[in-house]
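Chemist: I'd like to go over a predicted model; first the sequence, then the structure.
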Amino acid sequence: MILVLHAHPYPGRSRACAALLAAIRDLRGVEIRSLYELYPDFDIDIAAEQAAVDRAELVIWLHPLYWYTVPAMLKHWFDMVLVSGWAHGEGGMALEGKQCLWVVTTGDVTKYALEAPHAHAFEAFVPVVEQTARYCGMRWLEPYVLHNSHELDDEHIARAGRKLRGRLELWLAEHRPHA
């Protein structure tokens with residue numbers, strides 16, 4: 001099973017994340033949990049979230065890049081759900097061997113360069129999210145990044161959704177139980 005943790009603080013204003021979700025929503029074997037909709041008061045049901053992660057073989061963190069990392073709700077989810085003794089540390093083996101795919105949308109990719117406003121290439125912002133997964137014993141997959149999401153036309157965004165869907169369909173086919 002694939003668990004998608006969607007964290008967009010303003011889902012009503014989202015074109016790119018909304019299109020990516022729409023492209024995969026009906027895939028059999030995919031569960032989508034939109035964290036801002038589930039927990040508008042930030043009061044996360046830890047047991048429910050851990051149970052969802054337990055069911056998954058692949059965990060996807062899908063969100064826009066916010067201040068060079070994950071939005072506040074996903075960071076809060078990390079803090080509350082990925083606790084010592086469950087996700088890491090002594091006895092913390094719940095995520096061991098699960099795969100993690102980071103699906104992230106960004107603004108203008110040309111602004112991610114040494115002489116540009118962000119002063120670093122986009123790749124400089126990957127390690128914090130990657131290490132979160134690795135610290136919990138997860139296998140980090142090549143991220144799916146949709147740059148320039150604010151400037152792309154609807155067809156380009158739809159193509160990106162189809163590409164993500166294809167990647168997940170392939171993953172599902174490769175991980176289908178053998179009869």
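Modeler: Now that the structure is in, tell me what you want to look at.

Chemist: what sits up against the longest helix anywhere in the chain?
Modeler: In the chain, assigned by DSSP state H, the helix with the most residues is helix 154-174. Residues outside helix 154-174 that contact it (C-beta atoms under 8 Å, 6 or more residues apart in numbering): 2, 15-16, 19-20, 22-24, 27-30, 58, 103, 144, 146, 149, 152. Every residue, glycine included, has its C-beta placed from N, CA and C.

Chemist: mind redoing it with 10 Å?
Modeler: Residues from elsewhere that reach helix 154-174, judged by C-beta atoms under 10 Å, 6 or more residues apart in numbering: 1-2, 4, 15-30, 57-58, 60, 62, 99, 101, 103, 105, 141-142, 144-149, 152-153.

Chemist: which positions in it come out as buried?
Modeler: Neighbour-count burial for helix 154-174, counted by 16 or more other C-beta atoms under 10 Å, picks out 157, 160-161, 164-165, 167-168, 171-172.

Chemist: and the residue nearest the centre of the chain, its phi and psi?
Modeler: The residue lying closest to the centre of the chain (C-alpha atoms, centre = their mean) is residue 61, at 1.3 Å. Residue 61 has phi and psi values of phi -100, psi 110 when expressed as degrees, to the nearest 10.

Chemist: if we can go back for a sec, mind putting the buried residues of helix 154-174 in JSON lines, pLDDT and distance to residue 134 included?
Modeler: As requested, the buried residues of helix 154-174 are arranged in JSON lines below (pLDDT from 0 to 100; distance: C-beta to C-beta, whole Å):
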{"residue": "157", "pLDDT": "95", "distance to residue 134": "30"}
{"residue": "160", "pLDDT": "97", "distance to residue 134": "26"}
{"residue": "161", "pLDDT": "97", "distance to residue 134": "28"}
{"residue": "164", "pLDDT": "98", "distance to residue 134": "22"}
{"residue": "165", "pLDDT": "98", "distance to residue 134": "26"}
{"residue": "167", "pLDDT": "97", "distance to residue 134": "21"}
{"residue": "168", "pLDDT": "98", "distance to residue 134": "21"}
{"residue": "171", "pLDDT": "97", "distance to residue 134": "19"}
{"residue": "172", "pLDDT": "95", "distance to residue 134": "24"}
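
Chemist: would you convert those into CSV that also reports distance to residue 85?
Modeler: Shown next, in CSV, are the buried residues of helix 154-174 (distance: C-beta to C-beta, whole Å):
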residue, distance to residue 85
157, 41
160, 38
161, 38
164, 34
165, 36
167, 33
168, 31
171, 29
172, 31
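
Chemist: residue 86 - how many residues pack around it?
Modeler: 18 (other C-beta atoms under 10 Å).
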